[in-house]
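Chemist: Predicted model follows, preceded by the sequence.
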Amino acid sequence: MRRAPHHQHAEPHRLEPVRPAEQDVITTHSRRSWPRPWLKAVAWLIDIGAHPKALATTTVDVALDLAARMDFQRGIVLYDLEGTTRRTGLSRATVKRHIKILRELGALVWLQHGSRRNLRLAGRPYTATATVYGATIPPAYDDAHGHRLSGHGYTARRTGFTEAGRAQAIVIAQETTARLQREPPSRSNTTHSPNPDLRGTSTTTPQARATKIAKPRKKSVLGRPVTAAVYKAADRFARVLRPLHNWLQRTRIEQLSWVLVDKAADGATLQQIHAWLHEINPAHYFGPRWRPARAHAYVAAKLQQDAARERETAQRLADEARATPPTAEFTNAAQVLRNESVGGGEEFAEITAIDELDASLVQQMRADAWGRFKHYGDTDLVLTVADGLGKAAASRLYTAQLVDACIRFRANPRLQPAH
């Protein structure tokens with residue numbers, strides 16, 4: 001989404017803030033929307049100065065974060081205050097303030113009010129109720145753009161244009177077309193024909209030129225042979241999924257089809273590929289405003305990373321299968337040490353024992369733990385020590401940086417691998 005242009009000399013068109021009683025899905029006058037038209041409406045509201053505290057920077061940043069996490073068909077999104085502050089770099093108070101501004105603009109409604117009351121779920125000591133918002137477009141936007149609506153409130157939908165709205169839409173379409181038109185070809189007399197070869201060593205006949213044309217690719221991104229049936233399935237996936245992921249809009253259908261060939265060859269379903277594209281969405285890694293210029297190359301890189309990770313996992317499992325199992329004496333000794341360390345108040349002794357380990361052994365253990373965490377997301381080595389001996393002992397053995405990274409990884413459900 002482009003930021004709303006800020007006209008310094010434009011006369012602001014203030015709108016009456018939506019009252020709290022009308023910010024709920026039952027009482028709202030705004031209609032529901034999905035991310036793309038919702039972002040356009042938010043940009044327009046900010047551009048006309050509908051709210052005195054709405055900013056073309058901070059408010060848009062919050063709106064972009066919400067849009068990146070929205071359901072693409074229903075415009076439903078979790079509040080996720082902590083995650084929003086982390087992804088946008090804003091303070092909690094700032095995020096709360098601009099969420100309130102979006103509600104007062106009529107661009108957000110409550111679908112579910114969050115609560116700090118414990119739900120008492122089995123196995124979880126404390127679980128609160130999440131706040132859920134719905135993306136909406138206020139009546140002022142529809143009135144200004146000449147939209148004809150059917151129904152009222154949250155369930156209203158746009159069915160067409162009024163005469164004034166149709167004329168306005170035609171003008172916008174013409175301006176967009178004129179802006180995207182290519183420049184006319186050059187009328188210079190420069191020729192691009194190659195110099196003829198008078199020695200008889202080459203020819204420019206159609207047959208000779210045909211032999212120089214590169215053969216089309218017949219291998220997928222992962223080096224698999226591509227059949228017509230597989231490519232047809234990948235093309236169908238691309239045509240259905242590209243409109244559902246806004247970060248793929250710059251990619252042509254044939255480009256997206258090609259990078260989805262491997263998924264189609266694996267027998268993946270449309271729902272599975274849709275979930276995978278949502279999982280690798282660059283907004284999760286680089287922020288909601290980042291869009292890859294060559295999204296198909298980004299998808300191909302993720303495919304190759306997944307394939308490399310699967311090969312490494314298979315190799316590790318094969319190595320573990322070939323490994324010699326521990327002897328009974330070793331297992332018994334380890335169990336004795338484990339029993340002695342539980343509830344014995346020996347934390348100081350354990351830390352001292354860690355300090356007495358050989359330096360080369362500690363370095364090898366750290367390298368092994370870093371490798372497991374970096375390549376496989378495996379935190380068991382580090383967190384087992386942290387849970388059993390405490391964070392201080394784990395930091396001495398594996399470094400505080402790795403321990404903190406593993407703890408954050410375990411605490412963030414969005415970073416956990418899908419099962």
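Modeler: Alright, I've got the coordinates.

Chemist: low pLDDT regions in the protein?
Modeler: 1-13, 115-129, 176-218, 285-289, 320, 323-327, 329-356, 375-376, 412-419 (pLDDT under 70).

Chemist: Outline the domain layout of it.
Modeler: Here the domain parsing of the chain from automatic domain parsing is 20-176, 228-319, 324-415.

Chemist: Against W290, how distant is the residue nearest in space to the middle of the chain?
Modeler: Against the mean C-alpha coordinate of the chain, by CA atoms, centre = their mean, the closest residue is N281 at 3.0 Å. N281 is 10 Å from W290, where distance means CB to CB, to the nearest Å. Just so you know, the C-beta spots here come from the backbone N, C-alpha and C atoms, and that holds for glycine as well.

Chemist: repeat for L361
Modeler: According to CB to CB, L361 stands 42 Å off from W290.

Chemist: quick one, which of the two is more surrounded?
Modeler: Remark: of L361 and W290, W290 carries more neighbours, 12 against 9, as counted by other CB atoms under 10 Å.

Chemist: before we move on, which element is that one in?
Modeler: Under the criterion of DSSP states H and E, W290 resides outside all helices and strands.

Chemist: In this structure, mark out all the strands, start to finish.
Modeler: Assigned by DSSP state E, the chain shows strands spanning 31-32, 76-78, 108-112, 132-137, 147-150, 157-161.

Chemist: And these: which comes nearest W247?
Modeler: Nearest to W247 among the strands of the chain is strand 76-78; the distance by CB to CB comes to 16.5 Å.

Chemist: what's the closest one packed up against?
Modeler: Applying 3 or more CB pairs under 8 Å, 6 or more residues apart in numbering; DSSP states H and E, we find strand 76-78 packed against helix 58-69, strand 132-137.

Chemist: Residues contacting that strand, please?
Modeler: Strand 76-78 has contacts (CB atoms under 8 Å, 6 or more residues apart in numbering) with 66-67, 69-71, 111, 130-135.

Chemist: If any of those are buried, give me the PyMOL selection for them.
Modeler: Per 16 or more other CB atoms under 10 Å, the buried members of those correspond to this PyMOL selection:
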select buried, resi 66+67+69+70+111+131+133+134+135
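
Chemist: Just send the contacts of strand 76-78 back as JSON lines, with distance to K219 too.
Modeler: Formatted as JSON lines, these follow (distance: CB to CB, whole Å):
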{"residue": "L66", "distance to K219": "40"}
{"residue": "A67", "distance to K219": "37"}
{"residue": "R69", "distance to K219": "36"}
{"residue": "M70", "distance to K219": "37"}
{"residue": "D71", "distance to K219": "36"}
{"residue": "L111", "distance to K219": "47"}
{"residue": "A130", "distance to K219": "45"}
{"residue": "T131", "distance to K219": "48"}
{"residue": "V132", "distance to K219": "45"}
{"residue": "Y133", "distance to K219": "45"}
{"residue": "G134", "distance to K219": "45"}
{"residue": "A135", "distance to K219": "42"}
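
Chemist: Mind picking the two most distant members of the contacts of strand 76-78?
Modeler: Greatest spacing in those, by CB to CB: A67 and A130 (18.1 Å).

Chemist: H278: neighbour count?
Modeler: By other CB under 10 Å, 15 other residues sit near H278.

Chemist: what do you get for T136?
Modeler: Per other CB under 10 Å, the neighbour tally for T136 reads 28.

Chemist: So it versus L55, what's the distance?
Modeler: Taking CB to CB, one finds T136 at 20 Å from L55.

Chemist: Please apply the same query to I46.
Modeler: From I46 to L55 the distance is 7 Å (CB to CB).

Chemist: Those two: which has the busier surroundings?
Modeler: Each of I46 and L55 has its neighbours counted (other CB under 10 Å); I46 has more, 25 against 15.

Chemist: In contact with the more buried one, which residues?
Modeler: Contact partners of I46, counting by CB under 8 Å, 6+ apart, are 4, 54-56, 59-60.

Chemist: A297: how many residues sit nearby?
Modeler: A297 is flanked by 14 other residues according to other CB under 10 Å.

Chemist: which residues does it contact?
Modeler: Contact criterion CB under 8 Å, 6+ apart gives no residues in contact with A297.

Chemist: and with 10 Å instead?
Modeler: Shown in contact with A297 (CB atoms under 10 Å, 6 or more residues apart in numbering): 221, 251, 255, 259.

Chemist: now, which of the residues you listed sits nearest F373?
Modeler: V221 (27.1 Å).

Chemist: List the residues that contact the nearest residue to that closest one once chain neighbours are set aside.
Modeler: Excluding the flanking residues, the one nearest V221 by CB to CB, 6 or more residues apart in numbering is A300, at 4.7 Å. Shown in contact with A300 (CB under 10 Å, 6+ apart): 220-222, 255, 258-260, 262, 294.

Chemist: Most neighbours among these, please name it.
Modeler: L260 (29 neighbours).

Chemist: and that residue, how far is that from P37?
Modeler: Going from L260 to P37 by CB to CB gives 27 Å.

Chemist: Would you agree K263 is in contact with A307?
Modeler: No: if you go by CB atoms under 10 Å, K263 and A307 don't touch, sitting 11.4 Å apart.

Chemist: Now list whatever residues contact both of the two.
Modeler: Residues within reach of K263 and of A307 at once, by CB under 10 Å, 6+ apart, are V221.

Chemist: So which of the two has more stuff around it?
Modeler: K263 (23 against 14).

Chemist: thinking P35 is in contact with A107, fair?
Modeler: No: under the criterion of CB under 10 Å, P35 makes no contact with A107, lying 11.8 Å away.

Chemist: Look up the residues that both of those two are in contact with.
Modeler: What both P35 and A107 touch, as defined by CB under 10 Å, 6+ apart, is the set 63, 66, 135.

Chemist: which residue packs closest to the first one, ignoring adjacent ones?
Modeler: In this case it means A63. Excluding the flanking residues, the one nearest A63 by CB to CB, 6+ apart is V42, at 4.8 Å.

Chemist: The contacts of A297: which two are farthest apart?
Modeler: V221 and T251 (13.9 Å).
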